[in-house]
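J.: Okay, sequence plus prediction incoming.
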Amino acid sequence: GGAIAFAGLPAVPAFASLAEDAISEFTGGTAPGAGDLSISAPEIAENGNSVPIEFDAPGAVAVAIFADGNPTPKVGAFTFGPLSGSRFASTRIRLATTQNVIAIAQMEDGSFQRAEANVKVTIGGCGG
Amino acid sequence: MAKGVKPRVKVPKTAAAGDTVTVKTLISHKMESGQRHGDDGALIPRSIINRFTADFNGQNIIDVALETSISTNPYFEFEAVVPEAGEFQFTWYDDDGSVYEAKKKIAIA
Amino acid sequence: GNWARLAAQQSLTQDDLFQFETFGNVSLIHVTDIHAQLKPIYFREPSVNIGVGSNKGAVPHLTGGNFRKLYGIADGGPSHYALSSGDFAALAKGYGRVGGLDRIATAINAIRADRPDAILLDGGDTWHGSYTCYHTQGQDMVNVMNALKPDAMTFHWEFTLGSERVNEIVEGLPFAALGQNIFDAEWDEPAELFPPYKFFERGGSKIAVIGQAFPYMPIANPGWMFPEFSFGIRDENMQAMVDEVRAAGADCVVVLSHNGFDVDKKMASVVSGIDVILSGHTHDALPEPVVVGQTIVVASGSNGKFVSRVDLDVRDGRMMGYRHKLIPIFSDVIAPDPEVAAVIEAERAPHEVAMREVIGQTDGTLYRRGNFNGSWDDLICDALLSEREAEIALSPGVRWGPSLIPGQDITREDIWNVTSMTYGEAYRTEMTGETLMAVLEDVADNIFNPDPYYQQGGDMVRTGGLSYRIDINQPQGARISDLTLLRTGEKVDPSKSYSVAGWASVNEGTEGPQIWDVVEAHIRKLGTVSVSENNNVDIVGA
Ligand SMILES: [Mn+2]
Ligand SMILES: [Mn+2]
């Protein structure tokens, strides 16, 4: 049960269509499929201002990350160079509210893959 | 130049030729999103690190475009192949035109 | 009268309570969630403890008569009093207080007399929850627990002492401070101060004890007090640690956990290779372990009320069998250990006068534990409404805090036992009806989300000046309805602003008088506290 913080209350992502627009911009309109791409994030954010996420995208040349509940859904884009040891990376992101974090991988053959993880951002407080 | 910006990097000191090693980087930076209001009610202008690159002996490992949703003190973890002894070069590009660099040597064991 | 007390206790002896047919080759002793209760107290078990999803109707979500029926516990007997709700005030008068670390010491000594190398494990929530603990920043509990000679510990409320103080204490601990899920927040690496596990050679076997700290510390408690640390369930890392200790020759794997019971059950089903989970955080007391696959999950209560003994037969690299007993610490039946009693008295002596001051009396039972408001919470909410002149009061749904029985004095110590913490400021703020709804919905989902990994192990935020309806089985955003302001009898208007008083905010910089001072001032004015039944929450779907 709980004591109170006052930020980030709505539970329904308000900017989902903005995220889809941003994704289309990255893919040039190509519909992404499923594949080996995976993204992982905590079920519940310890701190919405710093949520650890990581992705693994075997065979990708680039991976872009989107947050569908943030007012600006673009989070970042990772392009892999010749000395990259894998197509894995991890970073920390801001999430305004409970939402999906979406990874889109651009593959070597020009196709795209999509994976997402839901992260709950709670106002928190108290416990046993 | 933004104040108090300090890059830090963790890489192994040695590796075998051709090994894949884990690299972790942090840079202290407030990553002002441009969406917050100050005490006077006015929007605080955006001021972020907008690009990060990691190279080894002049060849690229990873190149990241950062947006405002990357947290304060941007953190990256990734993997790099070390074909030979040499030096990692890390570069962060600030909205204000500043460029911050860090270098780390690695030996072949 | 006194005859009832004697009659109730006549059938109980210390030997009966400790009676145990020694089994196998290894003994574990588990205590958890003591919340700094050095002395015997009363503690009423919950009458409302709703299970959701696959845990609906499963222990520990059975209470009162349903609980007694499941375990074959006789009505009115000592197990009824210790383990379940119903007739609490009458039984408390008969059976007396429970707990006291000097009595726990006697229980531990009795087990060690049988099995000198028994492993004593403390599940955490130890250095929090009393007047002396607050004023010594946990040192009283550290000193008394050290006298019990534990072998390992894990953590939750300890971190609300602030990371600097936690580091200081842990660096000097004469036993292992474990937490496979305590990470350095900056580099996302295991925190050096808290090793993931420790090996114990016992009875010719290698026992690995892996620590699991409370996963949601920076959410349920103020993360700004310990920003260097990150937690989480990290069940993949737990699996890696189990595999690591097995590869290093562990014959038996014990997890000392502060996950909460339902989270531990889920973890036992996700992670393979754990023999025993000693569960803490949700304050449940179960007379038998719950078996999940090959794992037994043991719940040992709270506030010093119980000690669990678990004997294991470990052979050929595996746990072949177990025998378990949840020992209730009836404080009038178990003789205090004189050495530990002396340490306790020494810790309390400088504070005795202040603690013993009588502030008022109570007509009824004052208790907290339960999914919704207990009578202690009602009293605290009333204090907030009246002393902070607010329309609405919010009080955290923590599970700690002893009970008082009808006719008892309320001392300053009693008030601190249910309020003391390092962020006790009683704030007063304006909140819109919409925000209030969002707060209630958010907290409700931390308790009633059907996936245990989303449950933080507290109870529902307590409310004063409000009534509402809650449908447990709805998703977040749809559980709460009919939110009504009691003062006017009108529905709460989402766009209107209301004055709200509360305490235990996780926000940095919260201002206000300390909650224990607010409650003390209120009780002083009342003189005698009269408890009336709270019908302000209409629960649907339990
Ligand atoms: Mn506890
Ligand atoms: Mn706890």
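T.: Sure thing, it's come through. Numbers count the residues shown, from 1 in each chain, chains lettered A, B, ... in the order given. Ligands and ions are numbered 1, 2, ... in the order given.
J.: roughly how far apart are C:Phe214 and C:Arg368?
T.: 19 Å (C-beta to C-beta, to the nearest Å). Where C-beta positions appear, they are placed from N, C-alpha and C, glycine not excepted.
J.: Can you name the residue of chain B nearest ligand 1?
T.: Here the residue of chain B nearest ligand 1 is B:Ser71; by C-beta to the ion that distance is 30.9 Å.
J.: Among C:Phe214 and C:Arg368, which residue is more densely surrounded?
T.: The neighbour count for C:Phe214 versus C:Arg368, taken as other C-beta atoms under 10 Å in any protein chain shown, is higher for C:Phe214 (32 against 26).
J.: what's near enough to touch that one?
T.: A:127, C:124, C:155-156, C:220, C:231, C:258-259, C:281, C:457 (C-beta atoms under 8 Å, 6 or more residues apart in numbering or on different chains).
J.: again with C:Gly293
T.: Contacts for C:Gly293 (C-beta under 8 Å, 6+ apart) come out as C:268-269, C:272.
J.: among these, which are in strands?
T.: Members of the contacts of C:Gly293 lying in strands (criterion: DSSP state E): none.
J.: which of the residues you listed count as buried?
T.: Neighbour-count burial (16 or more other C-beta atoms under 10 Å in any protein chain shown) applied to the contacts of C:Gly293 gives C:Ala268.
J.: Reformat the contacts of C:Gly293 as TSV; add pLDDT and distance to chain A.
T.: Formatted as TSV, the contacts of C:Gly293 follow (pLDDT from 0 to 100; distance: C-beta to the nearest C-beta, whole Å):
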residue	pLDDT	distance to chain A
C:Ala268	98	18
C:Ser269	98	16
C:Ser272	98	20
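J.: Chain B: strands as residue ranges?
T.: For chain B, strands defined by DSSP E occupy the ranges B:7-10, B:14-15, B:19-27, B:49-56, B:59-66, B:75-82, B:86-94, B:99-108.
J.: and ligand 2, which of the contacts of C:Phe214 reach it?
T.: C:156, C:281 (C-beta under 5 Å from the ion).
J.: Throw the strands of chain B into JSON lines and include mean neighbour count, thanks.
T.: Converted to JSON lines, the strands of chain B look like this (neighbours: other C-beta atoms under 10 Å in any protein chain shown):
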{"stretch": "strand B:7-10", "mean neighbour count": "16"}
{"stretch": "strand B:14-15", "mean neighbour count": "16"}
{"stretch": "strand B:19-27", "mean neighbour count": "18"}
{"stretch": "strand B:49-56", "mean neighbour count": "20"}
{"stretch": "strand B:59-66", "mean neighbour count": "20"}
{"stretch": "strand B:75-82", "mean neighbour count": "22"}
{"stretch": "strand B:86-94", "mean neighbour count": "18"}
{"stretch": "strand B:99-108", "mean neighbour count": "14"}
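J.: can you redo these as TSV with mean pLDDT?
T.: Converted to TSV, the strands of chain B look like this (pLDDT from 0 to 100):
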stretch	mean pLDDT
strand B:7-10	97
strand B:14-15	97
strand B:19-27	98
strand B:49-56	98
strand B:59-66	98
strand B:75-82	98
strand B:86-94	98
strand B:99-108	97
